[in-house]
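Q: need a 3D model of the sequence below.
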Amino acid sequence: MYFLLETCSYLAVSSNFTSSFMYVLIETTDGELKEFANSYFNFKTILLITLMILLFFLLKRKVYNNKKMKLYYSIFITIFLIFLLKITGLIESNAYHNVVRGIYGYYELQHNYEVSSSLVNNEDVKLTSNNDVLVVVLGESTSSRHMQLYGYNRKTTPLLSSIKDSLYVYNDVISTDVITTKALPLILTSSHKEEKNTSSFNIIDIYNKAGFKTYWLSNQRPIGYYDNIISKIASSSNYVKFLNHRDEVRTTSYDEVLIPELNLVLREEGKKIIFIRLIGTHFKYKNRYPKEYYKFKNNTKKSEKTDITNHYDNAILYNDFVVYSILKGLIKTKAKSALLYLSDHGENVYDDNSSFFGRTEGNLIESMFEIPFLLWTSKDFEYPKDFVYKPNRKFMSDYTFESLGHIFGVKHKDMDFTRSIFSNLYKERKRIIVDGIDYDKEFLIKNE
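A: Predicted structure coming up:
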């Protein structure tokens, strides 16, 4: 079983089996497992599994039936191996250890993370400007590496590129992690990567106290509505609607389903902030766009690599249509408004000469962290006094929390606007990703 776990992991994503796989598996439905199997299982993997099963029964028949080990001997061998792995440091690469660590880490993340509106008091929040509508579009698995808007060689974002002059496009924004349940809560709450907070307040509660009506519209399923961190945060909103309740294998729910719902919300009176959670370009990529967006295809020699890259780029193309359509709906309101779009994390799609697609903490690729981060504002939008646009600032997504308050003029007493990407007081810092890795040093060395 050990060799099976490790070898299948390496064949799929060129990495040993890490604890991060457990985060994904725990929140994976049977339909998503089918997606995984269809995408990663090939002839080599199936052959390996078959040989491992045959070898297991062969060994069982020849060894265990004839020479049974005594219980105390088995316990001694187990303890000795754990001790050896620990003192050599090899335990960090051990699949069984990572299964246990991943399950424990996931449980700790879900149950020790307090999200409570009682942490935010009315007197702690004040308005510094008079704006009406803020739309925050939360993408999924979308890498800026594959966006025309960020210099990609394919026209994957023709609509957003056509209005580039009216957008603030930030070029060097990265995510903190490659797993949604780790990255997205840091975007929406006062927790930061370097602080490891388990008790914090979220941006929705702050806007509630500021007198805004808050909305959460999602095309992702509410997995364990009150047990999943992201769903806990969403539940703070005045209005919550999930438009996708089944896994994407059984029913394909394209993100455009959110647009009519958004337009209804935009017609409601009063100040509001609307969070829109896309399914974006989450794998399986070919299920993320309708057939009319099947633009990039193989014209010459076909291969699995080109097929998957084409499907991902087509998903980016459709995502461009969705974000642009959301923006068009906002423009029609003629309110003092703004839209911020970013993704939870990026995605590796055979980038940097890698031999796999997807994400894993065991084999980090730059494109897994590179995310779009762009802002649009109406002509009469009231900017903060210290607003400045510097597109090449080094920024990490866990400071989005402060940036959302700063740009829209909603301040909590504990917010530090030197963390806002929009402030002339912004202070750059070391961008520490995953488990203590300095992003800029790690990939600067690789790229030299």
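Q: grab the nearest non-local neighbour of Phe381.
A: Spatial nearest neighbour of Phe381, excluding adjacent residues (CB to CB, 6 or more residues apart in numbering): Lys336 at 5.4 Å. All C-beta atoms are positioned from the backbone trio N, CA, C, and that covers glycine.
Q: what about that neighbour, how many residues nearby?
A: 19 (other CB atoms under 10 Å).
Q: who's in contact with it?
A: When contacts are counted by CB atoms under 8 Å, 6 or more residues apart in numbering, Lys336 is found next to 130-133, 378, 380-382.
Q: generate a ChimeraX selection restricted to the buried entries among the residues you listed.
A: Only the buried entries of the contacts of Lys336 go into this ChimeraX selection, using 16 or more other CB atoms under 10 Å:
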select :131,132,133,378,381,382
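Q: show me the contacts of Lys336 that map onto strands.
A: Using DSSP state E, the subset of the contacts of Lys336 located in strands is Val133.
Q: and after the helix or strand hosting Leu404, which helix or strand comes next?
A: Here Leu404 sits within helix 400-408, counting by DSSP states H and E. Using DSSP H and E, the helix or strand that follows helix 400-408 in sequence is strand 410-412.
Q: hmm, who's touching that following strand?
A: Defining contact as CB under 8 Å, 6+ apart, one finds that strand 410-412 is touched by 120, 124-128, 201, 206-207, 210, 212, 404-405, 417.
Q: which pLDDT value goes with Asp435?
A: Note for Asp435: predicted pLDDT of 81.
Q: now swap in Leu90 and tell me
A: For Leu90, the model assigns a pLDDT of 45.
Q: what of the one 3 residues further on?
A: According to the prediction, Ser93 has pLDDT 49.
Q: buried subset of the contacts of strand 410-412?
A: Applying 16+ other CB under 10 Å to the contacts of strand 410-412, the neighbour count classes 120, 125, 201, 206-207, 210, 212, 404-405, 417 as buried.
Q: for the chain, longest helix please?
A: The longest helix of the chain (DSSP state H) is helix 304-332.
Q: so what's the closest residue to Ser420 other than its chain neighbours up against?
A: In space, and not counting its chain neighbours, Ser420 is closest to His406: 3.8 Å by CB to CB, 6+ apart. Listed by CB under 8 Å, 6+ apart, the contact set of His406 reads 384, 415, 417, 420, 422-423.
Q: go again with 10 Å.
A: Shown in contact with His406 (CB atoms under 10 Å, 6 or more residues apart in numbering): 128, 383-384, 386-387, 399, 415-423, 425-426.
Q: what about Ala327, distance to Asn130?
A: Residue 327: Leu, not Ala. For Leu327, the distance to Asn130 (CB to CB, to the nearest Å) stands at 22 Å.
Q: so who does the closest residue to Asn348 other than its chain neighbours touch?
A: Residue nearest to Asn348 in three dimensions, not counting chain neighbours: Ile365, with 4.2 Å by CB to CB, 6+ apart. Shown in contact with Ile365 (CB under 10 Å, 6+ apart): 13-14, 143, 145, 178, 346-354, 356-359, 443, 446.
Q: ok, the residue nearest to Phe381 to Trp376 distance?
A: Using CB to CB, Lys336 is found at 13 Å from Trp376.
Q: for Gly362, same thing?
A: Counting by CB to CB, the gap from Gly362 to Trp376 is 37 Å.
Q: which stretches of this structure form helices?
A: Going by DSSP H, the chain shows helices at 2-13, 20-26, 30-40, 43-59, 71-88, 95-111, 158-162, 180-188, 203-209, 229-234, 258-266, 304-332, 400-408, 439-447.
Q: burial check on the closest residue to Phe357 other than its chain neighbours, number of neighbours?
A: Using CB to CB, 6+ apart and skipping the chain neighbours, the partner closest in space to Phe357 is Val349 (4.8 Å). For Val349, the count of nearby residues is 28 (other CB under 10 Å).
Q: please apply the same query to the one 4 residues further on.
A: For Asn353, the count of nearby residues is 6 (other CB under 10 Å).
Q: just Asp435 next, same as before
A: When neighbours are counted by other CB under 10 Å, Asp435 registers 11.
Q: which residue is the nearest non-sequential neighbour of it?
A: Nearest in space to Asp435, with sequence neighbours left out and distances taken as CB to CB, 6+ apart, is Glu361 at 7.4 Å.
Q: would you agree that neighbour is in contact with Gly436?
A: No: using CB atoms under 10 Å, Glu361 makes no contact with Gly436, being 11.8 Å away.
Q: which one's more surrounded, those two?
A: Glu361 (21 against 8).
Q: circling back: could you measure from the residue nearest to Phe381 over to Leu134?
A: Between Lys336 and Leu134 the distance, using CB to CB, works out to 10 Å.
Q: then Lys213?
A: 11 Å.
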